[in-house]
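Trainee: Provide a 3D model corresponding to the input given below.
(2 chains)
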Amino acid sequence: MSGTAGTAGTNGGGGSAAGAGASDKANLVMRRLTRLEYDNTVRDLLGVDTHPAAAAFPPEETAMHFDNNGEALAFPPTLAERALASATNLAQLVAANPTRWAACAATTKDEVCARSVLEAFGKRTYRRPLDARELDSLLGVFRVGAKKSFDHGLELAATTALISAPFFYRVEHGDVAPVAGKAGLVRPTAWEMATRLSYLFLGSAPDAMLLQAAEADGLKDSAGIETQARRLFAQSKPSLAHFHEQWLRLNGIASAAKDPKLFPNYGSGVPELLRAEADLFLESVVFRGGGLRELLTASYGFVNQQTAGLYGITPAPAGSQLQQVAFDPTQRAGFFTLAGPMAMLADFGKTSPIRRGVFVRENLLCEILPPPPVNAAASIPDIQPGLARRQAVERHSKDPACAGCHRLIDSIGVGFESYDAAGQWRTEEDGMPINSSGSVADSAIGAFGSPVELMRNIAGSKQGQACLAKQLFRYALGRSEKGSDADLERLTAVVGEAGGSYENLLVALTQTDAFLYMPKPEVAP
Amino acid sequence: MKVSRNVKRRTLLHGGAGALIALPLLEAFGVRLNRAHAQAGALPQKYIAFIQPYGCYQPHFWPLLPGQSALPFDHTFGDAQDDLDPTIWRSGRTALTTTEFSLGPACESLAEHKADLLFLENLNNPVAGHWGNAPLMTGVENVGEAEIARTAGGPSVDQIIARAIGDQTRFASLEAGWLVGDGVPQMASCTWYDAAKPAAPQQDPSVFFQTVFSDVQSNAAELEALLADRRSVLDAALSDATRLRQSLGTLDRDKLDQYLEAFRSVEKRLSQTGVAHCEKPAAPRNLPDDGLARAETMIDLLAMAVACDLTRVATFQSSEGAASGAFTFPFVAGPQEAWHGMTHEYINNPERTKKQAGITSMYVKLYARLLSRLKEFGAFENAVVLYLNVSSGVHTGGNHPVIVAGSLGRHFKQGTYVRLPFSLTDHRKTNDLHVTVMQGLGMEVDKFGGAPQSGEHAGEQWNRGVLHEILV
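Mentor: Here you go, the predicted structure:
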């Protein structure tokens, strides 16, 4: 692990993908529904909002922060078992009220009716019309069940559709026609494009307008896709919340425990409130026209009576509702300096410059740090009297075995010593003044005098801008950015523009080659 | 041991939404499953642990050697402080392995199971005292001494086993509880999904029944019809997917192959599920929270869940949290005072000693009931059923009572009393028993748990590997 200073690359590829340099061709592979997508899909398809996948399916195999990486997602036998159980339950629920299928399911109850029901249900479930053999196959199952009753027949056929491969996977065959000026690329079919759009923005199956567009064989030109993207952006709150939750590791906020003796302001219920604050802050940035700059520099938060004390807000707002408050802009800048993330990236009783520094490198700058050696201590030794935490960290960084990486991490992390382990602003530690200057070694961002300045510098840097573009690309496409350098460059430019809002970034994303097209499929022999 | 085998093949429906368990990659825990080993036995292997808190009156727990008799309740020990368990009990007790022993008075209820038991003396729960519940099962690794109070240290051994063998059954594991504390989870739960997430036991038999058995069908004809339905569904989905495969590129085919393989394994199991004496039990009546009947019902349900092959990893725990600590055990004769406080100072107090021994007998009797039920239901073969007491005589972790029943198919000695060498400083932790059991389950693992990274125990060796003393 020595001499690793140069390994903190800024490309951020990797993950489970083939080694960098092996090929610059993207590994495009069909994506399996995640638990969240499954639950949203069955909710929208069947009106059943019971979240069966969250309750019972095994968690996703994640890659590069995200749970929707097509390459990483597997299909373990446990999932098959639980998917079958879930499909059985869902079909039963729907069959309990046969008119949900179609009027004829309550009146004629014949095979003509079954055929029309399954045609319509199949189209929604497979997100495209069924081919003749697929429809026959569902009808075959229907007939088995229909020996008992018509309803039971539909129930079994619906169960089959809900465990089918075209339901679980977003299969893309593409249009046959070549695209002018895009050698080797074809467009997804209208149905496939409707699916791309809906899972990106809604995390669910195509809504009525997308279905309509697909039915009319629309969604073939960039302008039409942009129109849909702008429409869908307004409904993308849950999807973007899920993006941020994973990229910014929000789940850790609610489980950060603190020593109650040292941090009386960090009482029970506070971690959950800090998590809610982070969600509200991100939502406010995204849906009030903000972009990376607001994300990293906006100086406001959301507090209630219980959390106002952490921020030194007096008088505290009354009540339990979180309310937006302005912060001192010399103390707080954007998401990362909210109390939640600062507390998450600290220990029980003391700060952790290392965890904060690693987060900046890995999550905000998209660098990949090598893992610490196996025998590394999990936390910095307790402070010795007369030694500020900063100095304790500096001492540890001088050990040649650690210095290679910690040179990159600690000089950033100590810049956040102005926030104690509960995320509260402080100017001194044990009577010694806090020095919150630092530097981002081996990077164009360089030295900074305060955490606020660092955040501003990251927001203004090409590296910070490329990082947001890259993370959103990975989330939106469910793959690494391999083979899409030009797309990435364009998206990075959008982030850096004056009006580089999330909305513009997402719309731009739908206009990339990666989103508009797909490689001409090569069917294996 | 006599196990009546099933004559009539019974099948079991897998289905419905259940309380299910996360299955992260096993490799994350350095565990690989040796499949060939695991499948060698004719019947599936099962891991079951029975956990009780607050120690016991040791002179009445351990087996008696020929010519020995149990110390009376009014025996006077030299020093009655509760942290002096070792001097009370351990000195002069040399290492041994013998099949010549009789059961101690607190274990009389185990008489009919004696030939299946291995008493294991001088194992140490890694963490003594009030925080010992989670460490008993997690082995405490990667945490500082000061942090034990707020993190369990890692997944508990039952959950690691569940990740290895649990994917074969409807429930990767089942956690049942009785008188589990409602204090901080580190004290109240012995079972943990990971360092921060307790696998909290279900304490209500009605809820447990509902979760585990609600859609188990007991009517054979109905069951056959349901299985036929599922076969049709799977058959159609699989043949459509196989056809879809023809139109896909190589990478997509690889993905689809995972799907096909996964659903084929479900199909295969539908046709294979043969169960010993699986009978859907009757729904339990409403039972008082703290009555013994509740514990007995829970044990019966748990045993049946194993017999029905709904799970192969099961725990029954009564933990050291606030609720059980204040409990007085009115149905055990003796002083009616809060159990926890009493266990701190019962030595040299004959009335309290008798009560403490009585409570132990009661717990051991529940353990005996678990063994009896498993045998009755034909589920004991190829199982291991551990009795683990969180503490020793009182609250310390040294020499906490352990019984290993069953041998996972001839892995462990049975009908045997094994006393490990005693030393205050150089002793074996329960972690080594966990490793030994996991190896018996075919898991490739050679150590489990470890000493905290800071504090007085830092640097101690808490994981020495397999306990050869108990292997056949």
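
Trainee: what's the burial count for residue 265?
Mentor: Went with chain A since none was named. 18 (other CB atoms under 10 Å in any protein chain shown). (C-beta placed from N, C-alpha, C; glycine too.)

Trainee: nope, chain B please
Mentor: If we define neighbours as other CB under 10 Å, then B:Ser265 has 17 of them.

Trainee: quick check: it vs A:Val186, distance?
Mentor: Counting by CB to CB, to the nearest Å, the separation of B:Ser265 from A:Val186 is 36 Å.

Trainee: helix/strand/coil for A:Arg342?
Mentor: In this structure residue A:342 is Met, not Arg. helix (DSSP: H, G, I helix; E, B strand; the rest coil).

Trainee: looking at chain A, which helix or strand is least sure?
Mentor: When the helices and strands of chain A are scored by mean pLDDT, DSSP states H and E, helix A:389-398 comes last with a mean of 68.

Trainee: check which element follows that helix along the chain.
Mentor: Next helix or strand after helix A:389-398 toward the C-terminus (DSSP states H and E): helix A:400-413.

Trainee: pLDDT averaged over the helix or strand just after that next one - what is it?
Mentor: As assigned by DSSP H and E, the chain's next helix or strand after helix A:400-413 is strand A:428-429. The average pLDDT for strand A:428-429 rounds to 90.

Trainee: same check, this time on stretch A:134-143
Mentor: Stretch A:134-143 comes out at a mean pLDDT of 97.

Trainee: pull the CA atoms of it into PDB?
Mentor: Written as PDB, here are the backbone C-alpha positions of stretch A:134-143 (Å, rounded to 0.1, in the frame of the first residue of the first chain):
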ATOM      1  CA  GLU A 134     -46.400 -15.100 -25.900                       C
ATOM      2  CA  LEU A 135     -50.100 -14.500 -25.900                       C
ATOM      3  CA  ASP A 136     -50.700 -18.200 -26.700                       C
ATOM      4  CA  SER A 137     -48.500 -19.100 -23.800                       C
ATOM      5  CA  LEU A 138     -50.500 -16.900 -21.400                       C
ATOM      6  CA  LEU A 139     -53.700 -18.300 -22.800                       C
ATOM      7  CA  GLY A 140     -52.400 -21.800 -22.300                       C
ATOM      8  CA  VAL A 141     -51.900 -21.100 -18.600                       C
ATOM      9  CA  PHE A 142     -55.300 -19.500 -18.500                       C
ATOM     10  CA  ARG A 143     -56.900 -22.700 -19.700                       C
END
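
Trainee: and it, does that touch chain B?
Mentor: Yes - using CB under 8 Å from any CB of the partner chain, stretch A:134-143 reaches chain B at A:134, A:137-138, A:140-141.

Trainee: which parts of that stretch are buried?
Mentor: A:134-135, A:137-142 (16 or more other CB atoms under 10 Å in any protein chain shown).

Trainee: do stretch A:271-283 as well
Mentor: Buried-residue list, stretch A:271-283, by 16+ other CB under 10 Å: A:271, A:273-279, A:281-282.

Trainee: where does chain A dip in pLDDT?
Mentor: For chain A, the stretches with pLDDT under 70 are A:1-27, A:372-389, A:392-401, A:524-525.

Trainee: what's the distance between the residue of it positioned farthest from its centre and chain B?
Mentor: Most distant residue from the mean C-alpha position of chain A: A:Thr108, 46.7 Å away (CA atoms, centre = their mean). Distance of A:Thr108 to chain B, computed by CB to the nearest CB, to the nearest Å: 24 Å.

Trainee: next one: that residue from A:Pro98, what distance?
Mentor: 12 Å.

Trainee: what of B:Gly132?
Mentor: Distance from B:Gly132 to A:Pro98, by CB to CB: 57 Å.

Trainee: who has more neighbours out of the two?
Mentor: B:Gly132 (30 against 21).

Trainee: the more buried one touches B:Asn389, doesn't it?
Mentor: No - look at B:Gly132 against B:Asn389 with CB atoms under 8 Å: they stay out of range, at 10.0 Å.

Trainee: would you list the phi and psi of A:Phe302?
Mentor: phi -130, psi 120 (degrees, to the nearest 10).

Trainee: again with the one 10 residues further on
Mentor: In terms of degrees, to the nearest 10, the main-chain angles of A:Gly312 are phi 60, psi 30.

Trainee: that one contacts A:Thr427, doesn't it?
Mentor: No - look at A:Gly312 against A:Thr427 with CB under 8 Å: they stay out of range, at 11.4 Å.

Trainee: more neighbours, these two?
Mentor: Ranked by neighbour count (other CB under 10 Å), A:Gly312 and A:Thr427 place A:Gly312 first, with 12 against 9.

Trainee: burial count for the nearest residue in space to the more buried one that is not next to it in sequence?
Mentor: Spatial nearest neighbour of A:Gly312, chain neighbours left out: A:Trp425 (6.6 Å); criterion: CB to CB, 6 or more residues apart in numbering or on different chains. Using other CB under 10 Å, A:Trp425 is surrounded by 20 other residues.

Trainee: spatially central residue for the chain, please.
Mentor: Here I'm looking at chain A. A:Phe243 (2.2 Å).

Trainee: could you do chain B instead?
Mentor: Mean-position check on chain B, CA atoms, centre = their mean. Result B:Ala49 at 1.5 Å.

Trainee: strand partners (parallel or antiparallel) of the host helix or strand of that one?
Mentor: Using DSSP H and E, B:Ala49 falls within strand B:46-52. Neighbouring strands of strand B:46-52 in its sheet, by DSSP bridges, are strand B:313-317 (parallel), strand B:383-389 (parallel).

Trainee: now those in TSV, with mean pLDDT and mean neighbour count?
Mentor: Converted to TSV, these look like this (pLDDT from 0 to 100; neighbours: other CB atoms under 10 Å in any protein chain shown):
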stretch	mean pLDDT	mean neighbour count
strand B:313-317	96	27
strand B:383-389	96	25
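
Trainee: TSV for those, including distance to A:Ala514?
Mentor: Below are those laid out as TSV (distance: least, CB to CB, whole Å):
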stretch	distance to A:Ala514
strand B:313-317	44
strand B:383-389	53
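
Trainee: spell out which residues of the stretch 251-400 of chain B are next to chain A.
Mentor: Residues of the stretch 251-400 of chain B lying near chain A (CB under 8 Å from any CB): B:251-256, B:258-259, B:261-263, B:265-266.

Trainee: buried subset of those residues, written for PyMOL?
Mentor: A single PyMOL command selects the buried members of those (16+ other CB under 10 Å):
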select buried, chain B and resi 251+252+253+255+256+258+259+262+263+265+266
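
Trainee: and the residues of the stretch 251-400 of chain B next to chain A, which two are furthest apart?
Mentor: B:Leu251 and B:Val266 (24.2 Å; CB to CB).

Trainee: all set now, cheers.
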